[in-house]
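1. Mind looking at a prediction? Sequence and model below.
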Amino acid sequence: MRGSQRGWTGARTGLLAAVCLSAVLAGCAAPAGPKPAPAVDGNANAAPVAEIAGQGPDHAGAPPVAPPRLPGVAGKEEENGGEATADQEEAARRWGLERPPLKAPPRPTTRVELTQGQGVKLADGRPPVVYRVPTDDKVVFLTVDDGDEKDPEFSRMAQELGIPLSTYVSDYLVRENYGYFRDLHAQGVEINNHTINHRNLKVLDYETQHEEICNQQDQLEQQIGVRPRLFRPPYGEYNDDTLRAAASCGVQAVPLWNEEAFPDHMEWRYDDQKFHPGDIILTHFRGVDIWNASMPDLLRKVVDDATAQGFALARLDDYL
C-alpha cells in the first residue's frame, strides 16, 4: 500500500511539473490579466504614424500595423511650417522636383475683402474682376482651364505633393468624362465655370452670353454637386453684359491672371518677371499632342519656379 501511495505521489508531482513547464513556455506563468491594447491614433501616448507620402512626419520605426494612408492629410511638422520631412523629400524626388514645395499658410478664416485698385476691378451689381488677390501671404494661385486633357498622373501628382489648384472647365471639352473632374473635386479641387462652348463672349449679345455662362452653372451643379462661385471668361474677354449675366446666375468673382505657365517657360505680365503675393497663374489641361510635354511636366515647372522664388501655392477658392 505504501508503495502504491509513493508511486501515486511521484506521478502527481511529475504531472504538476509538466503542467507548470507548459505554462511557462506558453507565457502564462504570470497571473492572468488583460493584454495591453496597441496604441491607436488619438492616444496621447501613442507613437505618431506615417501620413500620406510626401506630407506626413518621418519616423525611424514603422508602427506594428500602419493605418491606410489618407489623401490630402498634412502632418504636424507641415502644419507648423517645419522643414520638409523625409517623406516630403521622397515625394519631391519621385516627381522630379528640385526641392519639396513650400507649405501654404492655413486657409483664411474669411475670404479677402476686395477694394478697387491694382489687380481688382469693381462695379455695382457686378462680380469683381480679379487679376491679383490682395494678400500679404507669400502665395500664388495655380488655375487650370478648359479640360481637354484628363491626365490621371497630373491629378495623382497634385494629390501626393499636396498642391492646391482651381479649375475652370468648358462643357464641350469635358462632357464625355465629368468623372475625372468629380475625382479632382473629391480631393479638394474646385471645378469652376468656363462656359459651355468656350466662345469669345465679348462679341455675343446678352442673351447668348447668359446661356453660355448660366447653362454651365447648371451643368456643373448637376455633374459635380456644387454650384460654382467663380467664373473665368474664355480668352479673358468680357464686357458689362458678361458680368451682368454672370451675376444673374450666382457668380461671385471673375478671376483672370498675371502669368501663364507652360511646361518649358512662364509668360509674365510684368517686366520684373517675378511672382508677387496673390498672383494668379493661368495654365491649361493640355497634353503631349500640343505641348510635346505632359501635365506633370507642367506642374513640375510651376512648383519649381514658385519654390525658387520663395512662394507657396495656395487654393484660389479659399481667398476669393
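-> Cool, got the structure.

2. how close does Asn197 get to Gln217?
-> 14 Å (CB to CB, to the nearest Å). Glycine gets a C-beta too; all of them are placed from N, C-alpha and C.

3. who's more crowded, the two?
-> Gln217 (22 against 15; other CB atoms under 10 Å).

4. For the more buried one, give me the pLDDT.
-> You'll see Gln217 listed with a pLDDT of 98.

5. ok, it - contacts?
-> Going by CB atoms under 8 Å, 6 or more residues apart in numbering, Gln217 touches 193, 227-228, 231, 249-251.

6. again, 7 Å this time
-> For Gln217, the contacting residues are 193, 227-228, 249-250, by CB atoms under 7 Å, 6 or more residues apart in numbering.

7. and if you look at Arg111?
-> 319-320.

8. sec struct for it, please.
-> Under DSSP: H, G, I helix; E, B strand; the rest coil, Arg111 falls in the coil class.

9. From Pro128, how far off is it?
-> 11 Å.

10. Would you confirm that Cys249 contacts Ile213?
-> Yes: between Cys249 and Ile213 there is a contact under CB atoms under 7 Å: 6.3 Å.

11. Can you pick out the residue with more neighbours from these two?
-> Each of Cys249 and Ile213 has its neighbours counted (other CB under 10 Å); Ile213 has more, 25 against 17.

12. Remind me which helix or strand the more buried one belongs to.
-> helix 206-224 (DSSP states H and E).

13. Now do the strands in this protein.
-> Assignment of strands within the chain using DSSP state E yields the ranges 120-121, 129-130, 139-146, 166-169, 190-193, 254-255, 259-261, 266-268, 280-284, 312-314.

14. Show residues contacting the fifth one.
-> Contacts made with strand 190-193 from outside it, assessed by CB under 7 Å, 6+ apart, are listed as 166-169, 181, 184-185, 213, 216-217, 220, 224, 228, 230-232, 251, 317.

15. Quick one: mean pLDDT over it.
-> 98.

16. returning to that earlier point: looking at the strands of the chain, which is closest to Ala86?
-> With CB to CB as the measure, strand 312-314 is the member of these nearest Ala86 (20.0 Å).

17. Starting from that closest one, tell me which strands it pairs with and how they run.
-> Applying DSSP bridges, strand 312-314 is found paired with strand 139-146 (parallel).

18. Pull the partner strand out as CSV, backbone CA atoms only.
-> Below are the C-alpha coordinates for strand 139-146, written out as CSV (Å, rounded to 0.1, in the frame of the first residue of the first chain):
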residue,chain,number,x,y,z
VAL,A,139,1.4,82.7,-52.0
VAL,A,140,0.4,82.4,-55.7
PHE,A,141,-2.5,80.5,-57.2
LEU,A,142,-2.5,77.9,-59.9
THR,A,143,-5.6,77.8,-62.1
VAL,A,144,-6.1,75.3,-64.9
ASP,A,145,-8.6,75.9,-67.8
ASP,A,146,-10.6,74.2,-70.5
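
19. got the angle between that strand and strand 280-284?
-> Interaxial angle of strand 139-146 relative to strand 280-284 (axes from the mean of the first three to the mean of the last three CA atoms, to 10 degrees): 30 degrees.

20. Please tell me how far strand 139-146 is from the chain's geometric centre.
-> 13 Å (CA atoms, centre = their mean, to the nearest Å).

21. ok, and what's touching that strand?
-> Contacts of strand 139-146 (CB under 7 Å, 6+ apart): 104, 133, 165-170, 173, 194, 198, 232, 255, 257, 275, 277, 279-285, 302, 306, 311-314, 316.

22. Quick check: the gap between His198 and Glu90.
-> For His198, the distance to Glu90 - CB to CB - is 39 Å.

23. so Asp171 makes contact with Gln219?
-> Yes: assessed by CB under 7 Å, Asp171 is found in contact with Gln219 at 5.3 Å.

24. more neighbours, the two?
-> Asp171 (20 against 17).

25. Not counting sequence-adjacent ones, nearest residue to the more buried one?
-> Ile196 (4.6 Å; CB to CB, 6 or more residues apart in numbering).

26. Repeat that for Trp268.
-> Per CB to CB, 6+ apart, closest to Trp268 is Glu259, 5.6 Å.

27. The one you found: what's it in contact with?
-> 266-269, 279, 281.

28. Mind checking which of the residues you listed are buried?
-> In these, burial by neighbour count holds for 266, 279, 281, counting by 16 or more other CB atoms under 10 Å.

29. from the residues you listed, which is closest to Val203?
-> Using CB to CB, the buried ones among the contacts of Glu259 come closest to Val203 at Ile281, 26.9 Å.

30. okay, the closest one: pLDDT?
-> So Ile281 comes in at 98 (pLDDT).
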